[in-house]
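> Provided below for reference: sequence and predicted model.
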Amino acid sequence: MRNGNQPSGGTVTLVGMDAHTRVLSLCIAEWRHGSDPKVRRNIPGVLLEDMEEVYGRWVPEDALTLIESSGNTRVIVKRLKAMGRRAEVLNADILRSVSEKDRVNDRIDAEKLAYAYARGNANGKTVWMPTEEYAGYRDLISGYIRSSRDTVRCSNRIWAFCNSHGLPLPKRGRPKKAERTRAVLDGMAIDPNQRVLADGLLADFEYFSRKRAADAARIKGIAIGRKDVLRLMQLPGIQLYIAFALAVFIEDIRRFPTAKKLVSYFGLNPAVNATGEQERRQRRKGKEHDHLSRFGRADVKHLCAEIGQAVLRRDDCPVARWARRKLASGKDYNKVCMAAARKIVTYAWYILNGVPTPNREMQAFYERKLARAYGEIGRDEMSKRGFPTRASFVKAVSAEVFAHLPEPVQPAVTAAV
């Protein structure tokens, strides 16, 4: 097997880069197809701020840089492209194919990247690097997830404080939880040190609640103007925020040639881990697959779990009826939940590839979700976008999605005799 950048007969310069937060280690090697690369120069201990200078002095302009995926990979690739250099990002586990436990340091790891690529071990293991626009969207989603977790964490701490001091427990999910808890504290004799602690917990809860609301408003404001996001909302279990997250992490649906590739990217595919007698025993039990794959995007997988749970709460769509039949036959709830999410993600692949909606079965359900999204954004903001009323927005979006289908036949009304 040959990599896409392997030469047909000439020599290519490969640059293996072992990147850390502030220091890089470079291995410059020459490679001809059919042989291992020959190391020409090792440059360890390159400071990140000196990368452009080192490349200009030692690295040929047509060289291909190979970087193991890490936290600052996107920044390094951006700087290399600004210099007009080629770069490929490889999976973080690429070095396992050529690893030796007794030979590990930055210089050796940089060499191993070049060897792994030359031997074809990088086939199918390159990492997609999002554009600057989509990288910003991902950071926005990541910030919203963190603020949501911090809000829940602070809420739990307030509940624990009230419980341990015999105070009335705050009600769940109430936006005025901090105000009501503070009012209770004002009416009770409480130690000054305990009051300082309680005030700090309440202040943290209010801060993260405001931040979560602001992040959510910004995300929904961006999402409501994207046609791909609105089309994804046809699917059960997918509201405005989840549709936006799926579209952002997919970015370009053309990089997934099949729906199975997209399912695997999100980590929703069942793992297969059985050999010999173990495989025979699993088949006798009717189990061809093991647990859910541990790979995939964890930041999207938890959203897919929400999709599956939302589907299981419904009974008015084909996927929900299928999932309920599986539960009735004795299947595990969590497995059915993720299986339902897997079906929804498969449908999302077809929608993003431009496959038209097959019928109007879910049109009323879809229009209710559009109306809810309009309310979340607000009339003032939607009026600026050209939709002064909820009905105008719903009609415009729904008409575009279902335009290729014939209009529903209205039942004839006959006069009573």
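Looks like it came in fine.

> going by C-alpha atoms from here, please, whenever you check contacts or count neighbours.
Will do.

> may I see the buried residues of stretch 395-414?
For stretch 395-414, a neighbour-count test (16 or more other Cα atoms under 10 Å) marks 397, 398, 401, 402 as buried.

> just stretch 242-254 next, same as before
Within stretch 242-254, the residues scored as buried using 16+ other Cα under 10 Å are 242, 243, 244, 245, 246, 247, 248, 249, 250, 253.

> need the helices for the stretch 201-350 of the chain, in chain order.
With DSSP state H, counting those that start in this stretch, the ranges of helices along the stretch 201-350 of the chain come out as 227-232, 240-250, 259-266, 276-284, 298-312, 318-328, 333-352.

> in stretch 351-362, which residues are buried?
The neighbour-count check on stretch 351-362 (16+ other Cα under 10 Å) flags 351, 352, 357 as buried.

> between these, which sits nearest residue 48?
residue 352 (38.9 Å; Cα to Cα).

> for residue 106, see how far away the closest one is.
Going from residue 352 to residue 106 by Cα to Cα, to the nearest Å gives 42 Å.

> okay, domains of this structure per the record?
11-118, 132-223, 227-355 (automatic domain parsing).

> export the ones you listed as TSV, with columns for distance to residue 366 and mean pLDDT.
Below are the domains of the chain laid out as TSV (distance: least, Cα to Cα, whole Å; pLDDT from 0 to 100):
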stretch	distance to residue 366	mean pLDDT
domain 11-118	37	88
domain 132-223	16	89
domain 227-355	5	86
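
> ok so, going back, ok, so of the buried residues of stretch 395-414, who is nearest residue 118?
Here the nearest of the buried residues of stretch 395-414 to residue 118, counting by Cα to Cα, is residue 401; it sits at 47.3 Å.

> what sits against that closest one?
Contacts for residue 401 (Cα atoms under 8 Å, 6 or more residues apart in numbering) come out as 231, 356, 357.

> for it, report the pLDDT, please.
Looking at residue 401, its pLDDT reads 93.

> surely residue 66 forms part of a helix?
No - the assignment for residue 66, made by DSSP: H, G, I helix; E, B strand; the rest coil, is strand rather than a helix.

> got the contact list for it?
Residues in contact with residue 66, defined by Cα under 8 Å, 6+ apart, are 14, 15, 16, 17, 87, 88, 89, 90, 113, 114.

> closest one of those residues to residue 23?
Using Cα to Cα, the contacts of residue 66 come closest to residue 23 at residue 17, 10.3 Å.

> that closest one pairs with what?
residue 26, residue 67 (DSSP bridges).

> tell me, how many residues neighbour it?
Residues within reach of residue 17, counting by other Cα atoms under 10 Å, total 26.

> relative to residue 28, how far out is it?
Using Cα to Cα, residue 17 is found at 9 Å from residue 28.

> and if you look at residue 254?
Using Cα to Cα, residue 254 is found at 33 Å from residue 28.

> same question, residue 203
54 Å.

> center of this protein - which residue?
Central residue of the chain (Cα atoms, centre = their mean): residue 300, 3.6 Å from the mean position.
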